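Asker: pasting the sequence and the predicted coordinates here, then a few questions.
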Amino acid sequence: MAKVEVDIKKLLSAGAHFGHNTSKWHPKMAEYIHSKKNGNHIIDLTRTVEKLDPALAFITETVQSGRQIMFVGTKRQAKDVLKTVADETNMPYVTERWLGGTLTNWQTISARVKHLQDLEEKMDNGQLAAKFNKLEVQRFQEEIDDMNITFGGIKNLHGKPGALFVVDMVHEANAIKEARKINIPVIAIADTNADPSLVQFPIPANDDAIKTIQLISEYVKMAIEQGKNAQKSEKKDKEEIEEEE
């Protein structure tokens, strides 16, 4: 299977090499830092490519096996980008607020998701309108809208995801903590202020620049699509073998 080709020139153009102020660095990021400039650390993009390659291969392998990648990025620069890519790949996402227990207390969270789906179904088929007055139906719609802000991105989550893709390790510390607790692998953009040892696949890069987030998310999207295509190919081959037998 062809791998996703990472272009170091595109990473440079996207500003992926710009790290945080030198006073905010995490010592465990030292091996990924190239130099200092104007009081900021400069990330070594050759290391970014080195870390992206196995991360993307793992994403493809995970999706090929039928498991989901959950996108997590709740800060302003990341939320729209991740939601778009998650929607395009039909993957779950959290871009508004990480709700404690999303991974570690899935039984309770899934019950809330089911309640939301039930309300949506009853709203769509007219059951609520037939049973309640206009004001009450409006209140149900408001409840649906509010719940979609919190749970809308995980309505298609089928239990435990195969991995998390996280933008900003520091900002999404709670999500990473939950993933670690139940052994879910994490692929994360790790800026110079993060501890890369907390995740299985750290990607040293600027986690504030929208262009960087877009570029790396596009690579993740390509890796997911490769996994889906490989899964379809495997299924087709299996069906052909079964027909011959």
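Answerer: Cool, the structure landed.
Asker: just checking, residue 188 is part of a strand?
Answerer: Yes: checked against DSSP: H, G, I helix; E, B strand; the rest coil, residue 188 lies within a strand.
Asker: what's the burial count for it?
Answerer: 28 (other Cβ atoms under 10 Å). Where you see a C-beta, it was placed from the backbone N, CA and C, and this is true even at glycine.
Asker: residue 179 contacts residue 164, doesn't it?
Answerer: Yes: assessed by Cβ atoms under 8 Å, residue 179 is found in contact with residue 164 at 5.2 Å.
Asker: what do these two both touch?
Answerer: 185-186 (Cβ atoms under 8 Å, 6 or more residues apart in numbering).
Asker: so where do the helices sit in this protein?
Answerer: For the chain, the helices defined by DSSP state H occupy 8-13, 45-64, 76-89, 106-124, 127-131, 134-151, 173-181, 210-244.
Asker: is the most centrally placed residue in the chain bridged to anything, and to what?
Answerer: Centroid-nearest residue in the chain: residue 71, 1.5 Å away (criterion: Cα atoms, centre = their mean). When assigned by DSSP bridges, residue 71 has beta-bridge partners residue 93, residue 165.
Asker: quick one: contacts for it?
Answerer: Residues in contact with residue 71 (Cβ under 8 Å, 6+ apart) are 82-83, 85-86, 91-95, 153, 164-165, 217.
Asker: redo that, cut-off 7 Å
Answerer: Residues near residue 71 by Cβ atoms under 7 Å, 6 or more residues apart in numbering: 82, 85-86, 91, 93, 165.
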